[in-house]
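> here's my sequence, what's the structure:
(one chain, ligands or ions: 1)
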Amino acid sequence: MTYQIDHLGIAVKSLAAAKAIYEKLGLSVTPVETVDGTEITTLEGLGTIQKPHPIQKAFIEEGAAQCGFCLNAVIMTAKAFLDKKPKSSDEEIQQAMSGVLCRCFTHVRMLRAIKKAGQEMAR
Ligand code: FES
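This next block holds a predicted model:
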């Protein structure tokens, strides 16, 4: 039997098998054909080392990252949220970020960084 390695490094027999695993883990899967023709921004497209995005800058300043395992999801979720509502309460940020877990438990520093970035983005 041939196995494929998905983007999380999980060996899967097929896309259907991957979807079943992700659903059990509470993760979502977006089939690539459903976003055909859509502009997609990844973490690498946000900023540069010389000119980081306000969220990246705030995460560095607040020491909000540790291992980095969750950072793509955290920063891109924060960006999607702050683009719509840069001036947000702690509760609104926590609600927006509730689907992204950080096992290093840096949630308080992340909240501070997201709030700081939102204030910068609102200017
Ligand atoms: S920084 Fe390690 S899981 Fe979030």
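
> now the strands for the protein?
4-5, 11-12 (DSSP state E).

> ranking the ones you listed by mean pLDDT, which is last?
For those, mean pLDDT drops lowest on strand 4-5, to a mean of 50.

> which segments of the chain make up each domain?
4-35, 43-121 (automatic domain parsing).

> most tightly surrounded among these?
The highest average neighbour count among these, using mean count of other Cβ atoms under 10 Å, belongs to domain 43-121 at a mean of 16. For every residue, glycine as well, the C-beta is placed using N, CA and C.

> starting at the chain centroid, how far to that one?
8 Å (Cα atoms, centre = their mean, to the nearest Å).

> any idea how far the residue lying closest to Gly63 once chain neighbours are set aside is from the ligand?
Counting by Cβ to Cβ, 6 or more residues apart in numbering, Gly63 lies nearest to Arg109, which is 5.9 Å off, once chain neighbours are set aside. Arg109 is 10 Å from the ligand, where distance means Cβ to the nearest ligand atom, to the nearest Å.

> low-confidence stretches in the protein?
1-15, 26-30 (pLDDT under 70).

> for it, what lies in contact range of the ligand?
Residues of the chain lying near the ligand by Cβ under 6 Å from any ligand atom: 65-70, 102-104, 106.

> spatially central residue in this structure, please.
Ala73 (1.5 Å; Cα atoms, centre = their mean).

> am I right that that one is in contact with Val100?
Yes - Ala73 lies in contact with Val100 (Cβ atoms under 8 Å); the separation is 4.7 Å.

> contacts only, for the residue nearest to Gly63.
62-64 (Cβ atoms under 8 Å, 6 or more residues apart in numbering).

> try it again at 10 Å.
Contacts for Arg109 (Cβ atoms under 10 Å, 6 or more residues apart in numbering) come out as 58-59, 62-66, 102.
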